[in-house]
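1. what follows is a predicted structure for the sequence shown.
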Amino acid sequence: MELNFTEQERAFRAEARRFFRDEIPRSIRDKTLEGRDLSREDLVTAHRLMNARGWAVPQWPVEWGGRDWSAVQTYLYHDEMEQAGVPPPLPFNVTMVGPVIAAFGNDAQKRRFLPAIANLDLWFCQGFSEPGSGSDLASLATVARRDGGHYVVNGQKTWTSLAQYADWIFCLVRTSAAARKQEGISFLLIDMKSPGITWRPIQTIDGGREINEVFFDDVRVPAENLVGAENKGWDYAKYLLSNERTSIARIGVSKERIRRIKRLAAFERAGGVPLSEDPRLREKIAAVEVELKALELTLLRAVASDRHGSRAGPDPFSSILKIKGSEIQQATTELLMDVVGPYCMPADPAIGPGYAAAAAPTYFNWRKLSIYGGSNEIQRNIIAKAILGL
Amino acid sequence: MELNFTEQERAFRAEARRFFRDEIPRSIRDKTLEGRDLSREDLVTAHRLMNARGWAVPQWPVEWGGRDWSAVQTYLYHDEMEQAGVPPPLPFNVTMVGPVIAAFGNDAQKRRFLPAIANLDLWFCQGFSEPGSGSDLASLATVARRDGGHYVVNGQKTWTSLAQYADWIFCLVRTSAAARKQEGISFLLIDMKSPGITWRPIQTIDGGREINEVFFDDVRVPAENLVGAENKGWDYAKYLLSNERTSIARIGVSKERIRRIKRLAAFERAGGVPLSEDPRLREKIAAVEVELKALELTLLRAVASDRHGSRAGPDPFSSILKIKGSEIQQATTELLMDVVGPYCMPADPAIGPGYAAAAAPTYFNWRKLSIYGGSNEIQRNIIAKAILGL
Amino acid sequence: MNFDPSDDQRLLRDSIDRLIALESDMAHRRRGAALPDGWSRELWEKFAALGFLGLPFAEADGGIGGGPAETMIVMEALGRGLVLEPYFATVVLGGACLRLGAPAALRAELVPRIAAGSLLLAFGWTERQSRYDPVDVTTTARRDGGSWILNGAKSLVMHGDVADKIIVTARVAGGPRERAGLGVFLVEGASAGLRRTAYRSQDGIGAAEITLEDVRVDAQFVLGEPGNDAALIERVLDEAIAARCAEAVGVMAAMQRLTVDHLKTRRQFGRPIGDFQALQHRAVDQLIALELARSMALLAAMMVDAPDAAERRRTIAAAKVQIGRSGRRIGEEAIQLHGGIGMTMEYEVGHYFKRMTLIDRSFGDADWQLAALARAGGLFVDDDGD
Amino acid sequence: MNFDPSDDQRLLRDSIDRLIALESDMAHRRRGAALPDGWSRELWEKFAALGFLGLPFAEADGGIGGGPAETMIVMEALGRGLVLEPYFATVVLGGACLRLGAPAALRAELVPRIAAGSLLLAFGWTERQSRYDPVDVTTTARRDGGSWILNGAKSLVMHGDVADKIIVTARVAGGPRERAGLGVFLVEGASAGLRRTAYRSQDGIGAAEITLEDVRVDAQFVLGEPGNDAALIERVLDEAIAARCAEAVGVMAAMQRLTVDHLKTRRQFGRPIGDFQALQHRAVDQLIALELARSMALLAAMMVDAPDAAERRRTIAAAKVQIGRSGRRIGEEAIQLHGGIGMTMEYEVGHYFKRMTLIDRSFGDADWQLAALARAGGLFVDDDGD
């Protein structure tokens, strides 16, 4: 047992901190930290700066730009990125479709897509959920019918984030009416400019217009855009989702939010006394800090025993990280509302201190954290089965 | 809507308060209030004083000693009894077997048993649960085989409170191996002195020896001790259990406990300051008070719309009262431990302030409140089905 | 004790329910929200025509003579319908100020106009630094001959954007956060020196920041007794909280119903998700939270008129705590059990969730009211007879 | 960073696990509890023979040279086995006092006797009024020539009933609850003027109330530096808390395992109750609570030796908070999910539940430690490098 970071690990953390804070523009990072919306350009700028340093896709295979970092390094990289308010390299590209192509795509696909994905020259969005299949993802109904050298896709995807910015979409589609519904699913890459694709934004309760419905009406997709084997898409999706779950814990984000909340509490007064001196609020914050620290150590335990970084297969432990990570992030949104008090109420135009404006929208928006990426109920089912054997 | 008590109701409350506080010996009431054990004699004394006034079985039919009180009066009677620390008339007699005999027994049974039960001349205990059937009560396996004018009973009951004091036991027994397991159950009254009955105390984690296992080995029970119709016992049991659930809320008990906890907090100091001035503890107590008040009003809503007192049939609303009532009572046990602090730890002999001695044992013992009488999980199943239609 | 509505109350409930059902479904709300005021003057006229706007006022003043129970019935329906119109600001909050603080002549002048729908009120009692403390007032009022001159700023004034007259608290004497020295003034919206910054709240309700620069208020528009109005202000706010509790019950009941409906109709894994026991139990906990909240809203209504102000304050604080806690739990679970669809503006439940969140954060959130309750000794004090 | 045990640590764990499995099942515990001391001297000798009693002491003093990680491994096993023997009082608490406070000569004299199993210690640091505050000391020590005279009373001294020597805190100067002025003294159990009232705790562990009336302590039995020992006391207590956190993890892990086993074997309604999704999800929440607690126990062990005392205190306070909260949740749920059988002394889970409850209530309960943590600024302070 060596329960402290090594010298090298500490040096790496310092390097990451310097890079993220010095080389990613402050204007972009502040937007993240303050809960404001980032433009497409912001996201592209930050992503490409990281890629220029070779830090956009560290968990990929080395030949495609990966860094062969230890799991601890990968953790430190995320932790520093999140605490600095750097928007992560586009997750749809980097955490989702990229690893699937790298692991299951053919050589032509790798050459065509991976460098472009790594540099965000191509922007991918995700076509998994459908109106009728949320938690029960395998019940999806979008159909891809083979027609010569093409698939013809018909159906509807929903909950597609940032489709408005996307060049391509990766989709789960039904290619066979197999007995087990999981067995007839394939993983397709589709150009968003294909005739027959339309999309429509869905406004979320925080007022944002980040998510979309995407409709497919006889969309012809070249068969070469099938990743891996036909009807094996479910396996690739599970691989993808387990990658997503770990990163969803976002411990660095919560750390930074808590520090910020504590700083802001000094600006607010109740009864003439700074809120930062109110024992009730301090204890409420401290209670969240305790859980966050416990979760961080839990992540480190998982990470330190994983010599292969995030490239290891699905891990039911990641479900624990997903559940608690989302709960803690949600708790921080309530703490921020506690700090800003009644000034979480105004919406438009903003009224009160500038830091109050994002409090309620973030509280509303982050309810999604316990819903998407496999709802927390689904995660509990996974743990009950895979860890407890129930 | 008339949201205050009427003049008559207030007068009745005052009368009940006077009776319970002036006429039930203080020595008995203090034991209840301080969480100490009551002797058989204490229980008999209190019960008979209430019966002498005609207040032991108010919810029974008038011809058997009932009072025909409104539901609000019945509520006030319980509330004042509990707040005064008066042990309720033996529930096994008064709330459980008595109403079943009154509703479903024949005339001979009523004459033989009801007056004796009302005056605690006969002490009944309960034979429902078995080692293999707790929540799934209907799976019970104790068998009563008809043999001429007798039933021959074999099997085992458990979780039988105060069997050591009991003259009789009322049992659910299997009289038929019917297709639906609920359909082959009968309700039998059995003399505890019958040959073939043995019992063994089970020590509970609070150190108490209140509950017992009862074994039946070829026990011959006269067929005249069958209540109601053979194989209809399940209906009587459901009737009985729903009576029990409402009384389990024990709002008066929680009120008195909270007042007591607030009084005791003034005797304890932390950092030289009385604990009663600690905002953290005060808010923790207040949070329980809010829920208790909400539950009391919820009970009153149920009660005020029930013109027939507690003689109405099973009511899924009573499951809500059972769940929250048990949770609040359990919360008060934690509050008392908070007040006594480290002095909840000593067991034997008692160390520290006298009021500390019962803190941990009551916390341990009252875990049962969410288990017995149909566990809170079973109550949630009932509500989901009966109220929500899920 | 009897919780059943009287025949008149039943009629009132049917009447408001009918109006809400017809005029405040999602399509109507969306249309109302798109109007310049963010709500519908047309619907407001219907409120007036049906007598709702005069409800709490004495018949002698031109009202209907309803009490807290009647207000509760209406507010619960307005919550169920997520009504955007300024009923709460004008009739409940402004109305309470007038009923409890205005001289008879002023009441006789204004109540009929409110009842007719031609006068909108707002009550400005918070300031930038005050959070939820009604005596933390720095706006000043100084006497100038027969009238008063007001200076300062009131913040977060609900429906202050549209109000014709704005009732404000101001300090005529005393230091910061002193109970003594407060006054309540009815300010003409068009007064010289009054400026508003209008905004919309997260739940779509309009409001305003208001600054007062040498705003003159004539003697006949003084409410209560300047210098001695803390009790009046607290009484008004407690009455308002009781009404908001009822509104919240309407909101929660709608979320609970929507959730159960969703559990019954949404199918995943080949069956309604309401078949899953873990979700059933959470739906049960929603129901329990709703029933506890409903009970406390009833209690709050009972206590509005209580003779003992301290007991009233404690009980209404407790009600607000329960409402806040039940509301947050029901709301968060409603969104979670709905899944993605609950996060969208196209579906109803998210709108209720936002309204509920703002109800909790207005008039003292659950933590604030709990602290106030604890400071006041809690609910079960000495041998209080029950 | 590497959480895997070293080979030596693995051997240690196997060794203590084997001993616990053989000697501390329920039957053994019941027999031990029935003995006059409430535990087994025979088992204690085995602890000695296997080297566990010298574990944390320097080899130079006659110990094994283990650190906090080794203590963690042993304490977790003792928790899993609900061990009644005075390991924690003698080796961890008493041991820390000696290691950190005793002069070399005294260590050289006593450590071999501890390691051999022939010396039992206890640490009396609480008093009737002190609750969990280690500087709230009223027992006095005054110098008398080369020795000290102690007067006062120490309360709730774990294994103070059997200890051969009792280490006590006393005030040599300063007023109530002052940090300055504290001393630590090693008192011979048979001293004239020392009286004990022995009792059993709710979890079966022996303890005592101790009064000191003109008890003389010679100079060589003075630990630390009288008048300046607050830091020493806090260091000892933090080390003890870290060890209790590890013990708690053993207790929680046992409850979690028993619960899952019960869910798999108990049948109701024709199937294992573990088939019911609502119970599954609650078992999952138990597991999550356990893993969070295990992580914080690890962190506490890491921090025992931290150079920055304030950081150590914050982190160990946080660990105790997590342990207390996880423990209560896991324990209450374990009883609930077991149903009636969990309430009986005949079944194991209730014993664990009681031990867990007492661990939470000792050395500052979760609320107390949370308040201390919050006062100290919380865990994530300024830009602290991680």
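-> Received the coordinates, thanks. Numbering: from 1, shown residues only, chains lettered A, B, ... in the order given.

2. please enumerate the strands of the stretch 101-250 of chain C.
-> C:121-124, C:140-144, C:147-158, C:165-171, C:182-188, C:194-201, C:206-217, C:222-223 (DSSP state E, counting those that start in this stretch).

3. export the third one to CSV, keeping only CA atoms.
-> Written as CSV, here are the backbone C-alpha positions of strand C:147-158 (Å, rounded to 0.1, in the frame of the first residue of the first chain):
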residue,chain,number,x,y,z
SER,C,147,-47.3,63.3,3.4
TRP,C,148,-44.2,61.0,3.4
ILE,C,149,-41.1,61.0,1.2
LEU,C,150,-39.7,57.5,0.3
ASN,C,151,-36.2,56.7,-0.7
GLY,C,152,-34.6,53.4,-1.3
ALA,C,153,-35.0,50.2,-3.3
LYS,C,154,-37.3,47.2,-3.1
SER,C,155,-36.2,44.0,-4.7
LEU,C,156,-37.9,40.9,-6.2
VAL,C,157,-41.3,42.4,-6.2
MET,C,158,-43.7,39.8,-7.6
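
4. show me what it is packed up against.
-> strand C:121-124, strand C:140-144, strand C:165-171, strand C:182-188, strand C:206-217 (3 or more CB pairs under 8 Å, 6 or more residues apart in numbering or on different chains; DSSP states H and E). Heads up, the C-betas are built off the backbone N, CA and C, glycines and all.

5. could you list the paired strands of the shortest one along with their orientation?
-> In this case it means strand C:121-124. On the basis of DSSP bridges, the sheet neighbours of strand C:121-124 come out as strand C:165-171 (parallel).

6. got the angle between the strand it pairs with and strand C:147-158?
-> In terms of direction (axes from the mean of the first three to the mean of the last three CA atoms, to 10 degrees), strand C:165-171 departs from strand C:147-158 by 110 degrees.

7. next one: strand C:165-171 to chain centre, how far?
-> 17 Å (CA atoms, centre = their mean, to the nearest Å).

8. next one: stretch C:6-23
-> 19 Å.

9. would you mark the buried spots in it?
-> Residues of stretch C:6-23 classed as buried: C:9, C:12-13, C:15-17, C:19-20, C:23 (neighbour count, 16 or more other CB atoms under 10 Å in any protein chain shown).

10. so which of the strands of the stretch 101-250 of chain C is the most packed in?
-> strand C:121-124 (a mean of 28; mean count of other CB atoms under 10 Å in any protein chain shown).

11. can you check the pLDDT for A:G309?
-> With respect to pLDDT, A:G309 has a value of 46.

12. re the thing from before, of the strands of the stretch 101-250 of chain C, which approaches B:Y151 most closely?
-> strand C:194-201 (70.9 Å; CB to CB).

13. who does the closest residue to C:K154 other than its chain neighbours bridge with?
-> Spatial nearest neighbour of C:K154, chain neighbours left out: C:G124 (3.2 Å); criterion: CB to CB, 6 or more residues apart in numbering or on different chains. Going by DSSP bridges, C:G124 is paired in beta bridges with C:V168.

14. is it true that C:G124 touches C:K165?
-> No - at 11.0 Å, C:G124 does not count as touching C:K165 under the criterion of CB atoms under 8 Å.
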